[in-house]
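Enquirer: What follows is a protein structure lacking sequence information:
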């Protein structure tokens, strides 16, 4: 007897749900690396990427990053133009305040998105998130903000920008997720209205207790990040900076911009020492400088140029079209469209190569520079100069192009199996959408 089509679809969906996979997902057969990797990762990755909290984060992060750019533009606009050198200094000084402002934007946007995705009253979740966020700030940051307001900005942003510039977005994400979790827990225990209020006040009470004990989540995160500026010219510094930047991007935070206020002055100073040594025909003293990262991040953070190149031949039409649209920006190391359009942020399948590839390229790059196989970077070259060309200009050495090409091949080999798993998941998603 033939099975009714509707019952068949329902049976497949039930089976998929009980096994932890997505409806319509068929585990690949075979013992190959890609098949085994897909069977191990893809079902859980799909469930993670479709979780309401992850979707809310993906929707909120681009808005927060746009607010960073808007805040920097406003802060620069109120300053009189007094030369390019002064403008560069003002730009570095504006990064901290801009991220501080973006932190509050993130709290508002993410709280509203979480309320929409999870079915909570927007005002309730937003109020508790904002109050908890304010309490999580260190006392010195709150005092600096109060002085800034009282003096109409004459006192400067001080500890407020220094703290939230390094940790504000992290704190905003943690606070919003904790607030949503507290409301969920309260609702389960005490019902909808009383439970949500009890959960919100419970979380706020914990935050107030930590404030009374002089513990600040934002301050703690800022202190953890601060030592990155003291690592100097070392292989450890290169690995840690590469890892932290990739990790920041994975949660949707613009790694280079966030770390700029901390590490750019240090490594730009080392870069200028190399430039001075080159001008005097002396050996270049430093291997890890600003331009060293041109070798580590071809295509932008995560070394995504090999990823886009692989997607040019994708069997999924959307991914192929996306790759053709982003290949030119990737060649000048602009990969924000890849980060939020593919997306890479909060993507559990592509997260592994996104972190692993730059770390491997940091190893190959440092080895080549330390052994003298490629000249050390003598000049600062903006990252938007095209790949291959930027490395040659920075080192004045044609072998730099060979090193970048080698890094691209190595990166592509690491990206390949994960891209294949991601393609199958996207193909299954497209098939489900077509059937629906």
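Expert: Thanks, I have it. In this text, all values refer to a predicted model and were calculated from it rather than measured experimentally.
Enquirer: Any figure for the gap between residue 152 and residue 66?
Expert: Noted for residue 152: a distance of 27 Å to residue 66, by CB to CB, to the nearest Å. Backbone N, C-alpha and C define where each C-beta goes, glycine included.
Enquirer: Which one's more surrounded, those two?
Expert: For residue 152 versus residue 66, the count of surrounding residues by other CB atoms under 10 Å is larger for residue 66: 12 against 7.
Enquirer: In which helix or strand does the more buried one reside?
Expert: Per DSSP states H and E, residue 66 falls inside helix 52-77.
Enquirer: Which strands and helices lie in contact with that helix?
Expert: Under the contact criterion of 3 or more CB pairs under 8 Å, 6 or more residues apart in numbering; DSSP states H and E, helix 52-77 touches helix 84-118, helix 159-190, helix 336-341.
Enquirer: Please repeat the previous calculation with a cut-off of 7 Å.
Expert: For helix 52-77, the packing partners by 3 or more CB pairs under 7 Å, 6 or more residues apart in numbering; DSSP states H and E come out as helix 84-118, helix 159-190.
Enquirer: would you turn those into a markdown table with mean neighbour count and distance to residue 222?
Expert: Converted to a markdown table, those look like this (neighbours: other CB atoms under 10 Å; distance: least, CB to CB, whole Å):
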| stretch | mean neighbour count | distance to residue 222 |
| --- | --- | --- |
| helix 84-118 | 20 | 10 |
| helix 159-190 | 23 | 4 |
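Enquirer: In a markdown table, list those along with mean pLDDT and distance to residue 422.
Expert: Converted to a markdown table, the helices and strands packed on helix 52-77 look like this (pLDDT from 0 to 100; distance: least, CB to CB, whole Å):
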| stretch | mean pLDDT | distance to residue 422 |
| --- | --- | --- |
| helix 84-118 | 82 | 23 |
| helix 159-190 | 85 | 24 |
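Enquirer: Distance to residue 425 for the ones you listed - can I get that in a markdown table?
Expert: A markdown table is the format used below for the helices and strands packed on helix 52-77 (distance: least, CB to CB, whole Å):
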| stretch | distance to residue 425 |
| --- | --- |
| helix 84-118 | 21 |
| helix 159-190 | 25 |
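Enquirer: who wins for proximity to residue 314 among the ones you listed?
Expert: helix 84-118 (29.4 Å; CB to CB).
Enquirer: could you give the angle of the closest one to helix 52-77?
Expert: 150 degrees (axes from the mean of the first three to the mean of the last three CA atoms, to 10 degrees).
Enquirer: Next, the distance between the ends of stretch 294-309.
Expert: One end of stretch 294-309 to the other measures 18 Å (CA to CA, to the nearest Å).
Enquirer: Looks like residue 277 contacts residue 285 (just checking).
Expert: Yes - counting by CB atoms under 7 Å, residue 277 touches residue 285, with 6.0 Å between them.
Enquirer: More neighbours: those two, which one.
Expert: Taking other CB under 10 Å, residue 277 and residue 285 do not tie; residue 277 has more neighbours (16 against 13).
Enquirer: ok, the more buried one - contacts?
Expert: Applying CB atoms under 7 Å, 6 or more residues apart in numbering to residue 277 gives the contacts 283-285.
Enquirer: The residues you listed in helices, which ones?
Expert: Under the assignment DSSP state H, the contacts of residue 277 contribute nothing to helices.
Enquirer: Pipe the residues you listed into TSV and attach pLDDT and distance to residue 147 per row.
Expert: Listed next are the contacts of residue 277 as TSV, based on pLDDT from 0 to 100; distance: CB to CB, whole Å:
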residue	pLDDT	distance to residue 147
283	90	48
284	91	44
285	90	41
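Enquirer: Name the nearest of these relative to residue 128.
Expert: Residue 128 lies nearest to residue 285 out of these, by CB to CB, at 52.7 Å.
Enquirer: what number of residues lie near residue 227?
Expert: Neighbours around residue 227, by other CB under 10 Å: 10.
Enquirer: Please disregard the earlier target; I meant residue 153.
Expert: 11.
Enquirer: picking that back up, what angle do helix 159-190 and the helix holding residue 66 make with each other?
Expert: Interaxial angle of helix 52-77 relative to helix 159-190 (the same axes, to 10 degrees): 160 degrees.
Enquirer: Quick one: distance of helix 52-77 to the chain centre.
Expert: Relative to its parent chain, helix 52-77 has a centroid offset of 12 Å by CA atoms, centre = their mean, to the nearest Å.
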